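[1] With the input below, show me the fold.
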Amino acid sequence: MAKLDGRIAIVTGAGRGVGRMIAAKLGGEGARVIVNDLDSEPAEAVAGEIVSAGGDARALAGDVTAPDFADTLIALTLAQFGDLHIVINNAGYIWNSAALNHTDEQWQAMLDIHATAPFRILRAAGRHFRDRARAAGAGSPPVCRKVVNVSSISGVWGAATQASYAAGKAALIGVTKALSKEWGRYNVTVNCVALGHIDTRLTQRLDEGPRTIAIGGRDYKVGLDPELHDTIRRLTPLGRTGTAEDAAGAVYLLCIPESDFVSGQVLIASGGLVM
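    Numbering: from 1, shown residues only. Next comes the predicted model:
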């Protein structure tokens, strides 16, 4: 049997990059997956890939920062699959600039996507976790449910030009630690993966791809100067930058039964790089 047979998982921001690989990894290990993305086309594509590989998945496009989206996400998951065991808060993007040039809009946008949206999703999911734990009763075998929040080493150590992004990712670590203490009584583990440099469209070399991405009708600058990209690689003890598969593997470790006694932890997945 696959390690996640019978489990229902939500992965946000799963249409591309790290989220896509997380969804594929969980689906390949037997989980039925709700694939969320802001854009419907990549979400449908990833769900289709999981189904084609023999798994079960549904796409749900939507903006995680919308005030009513969290309740919709959980309600539709329960309507489709009847339960929920794993929540992966992965959706996010970068909006960098020197702190003196940060606007209020920029600051709030990074907090909304990296802290407020995950909290709303967990609040909605937590009600289901609580109700299932209470319904099971003391004599029933415990079902360990899992939350994995995707943060960044910027949220652990900070990074120049990322004041708002680092603040949002640090807040997500705080949410992780608080909920791990609240939800242990429901047999829910709550952990966080802080990613280092992972090669995605957000961190691509500027000489290899587009320099902006479109989110919600707005273009955001992404990518790294080639010299900086090379410097990060040299400073990483493993001698390379990470892949989306590397990131998904770290998240997966906190979803499997072997980690059922691990909670409130921040797993650094950076190849040994510290900021």
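
[2] In space, what's closest to L76 - neighbours in sequence excluded?
    Nearest residue to L76, sequence neighbours excluded (C-beta to C-beta, 6 or more residues apart in numbering): L60, at 6.0 Å. Bear in mind the C-beta positions are built from the backbone N, C-alpha and C, glycine included.

[3] List the neighbouring strands of the helix or strand where the one you found lies plus their orientation.
    Assigned by DSSP states H and E, L60 belongs to strand 56-61. Under the criterion DSSP bridges, strand 56-61 sits next to strand 32-37 (parallel) in its sheet.

[4] Next secondary structure element downstream of the strand it pairs with?
    helix 40-52.

[5] so what secondary structure elements neighbour that next one?
    Applying 3 or more C-beta pairs under 8 Å, 6 or more residues apart in numbering; DSSP states H and E, one finds that helix 40-52 contacts helix 17-28, strand 32-37, strand 56-61.

[6] can you put the ones you listed in TSV and add mean neighbour count and distance to D104?
    Shown next, in TSV, are the helices and strands packed on helix 40-52 (neighbours: other C-beta atoms under 10 Å; distance: least, C-beta to C-beta, whole Å):
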stretch	mean neighbour count	distance to D104
helix 17-28	26	28
strand 32-37	29	27
strand 56-61	20	28
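
[7] Mean pLDDT and distance to G48 for the ones you listed - can I get that in CSV?
    Compiled in CSV, the helices and strands packed on helix 40-52 are given as follows (pLDDT from 0 to 100; distance: least, C-beta to C-beta, whole Å):
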stretch, mean pLDDT, distance to G48
helix 17-28, 98, 11
strand 32-37, 98, 9
strand 56-61, 98, 8
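
[8] Dump the ones you listed into CSV; add distance to C144 as well.
    Output for the helices and strands packed on helix 40-52, formatted as CSV (distance: least, C-beta to C-beta, whole Å):
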stretch, distance to C144
helix 17-28, 15
strand 32-37, 17
strand 56-61, 21
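
[9] what's the closest of those to A160?
    A160 lies closest to helix 17-28 among the helices and strands packed on helix 40-52, at 22.5 Å (C-beta to C-beta).

[10] List of residues touching the closest one?
    Under the criterion C-beta atoms under 8 Å, 6 or more residues apart in numbering, residues 2, 4, 7, 9, 11-14, 33, 35, 37, 42, 46-47, 49-50, 53, 55-57, 86, 88, 90-91, 150, 195, 198, 200-202, 244-245, 247-249, 251-252, 255 lie in contact with helix 17-28.

[11] what's the answer for stretch 179-193, then?
    Stretch 179-193 has contacts (C-beta under 8 Å, 6+ apart) with 122, 126, 129-130, 132-133, 142-151, 172-173, 176-177, 247, 250-251, 254, 259-267, 269.

[12] Return that stretch as CSV; C-alpha atoms alone will do.
    This file holds the C-alpha atoms of stretch 179-193, laid out as CSV (Å, rounded to 0.1, in the frame of the first residue of the first chain):
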residue,chain,number,x,y,z
LEU,A,179,-1.6,25.8,16.2
SER,A,180,0.7,22.9,17.0
LYS,A,181,0.0,23.6,20.6
GLU,A,182,-3.8,24.1,20.1
TRP,A,183,-4.5,21.2,17.9
GLY,A,184,-2.5,18.4,19.5
ARG,A,185,-5.6,17.4,21.3
TYR,A,186,-7.3,16.8,18.0
ASN,A,187,-4.3,14.6,16.9
VAL,A,188,-3.3,17.1,14.3
THR,A,189,0.4,17.8,13.6
VAL,A,190,1.3,21.3,12.4
ASN,A,191,4.7,21.8,10.9
CYS,A,192,6.5,24.1,8.5
VAL,A,193,9.0,23.7,5.7
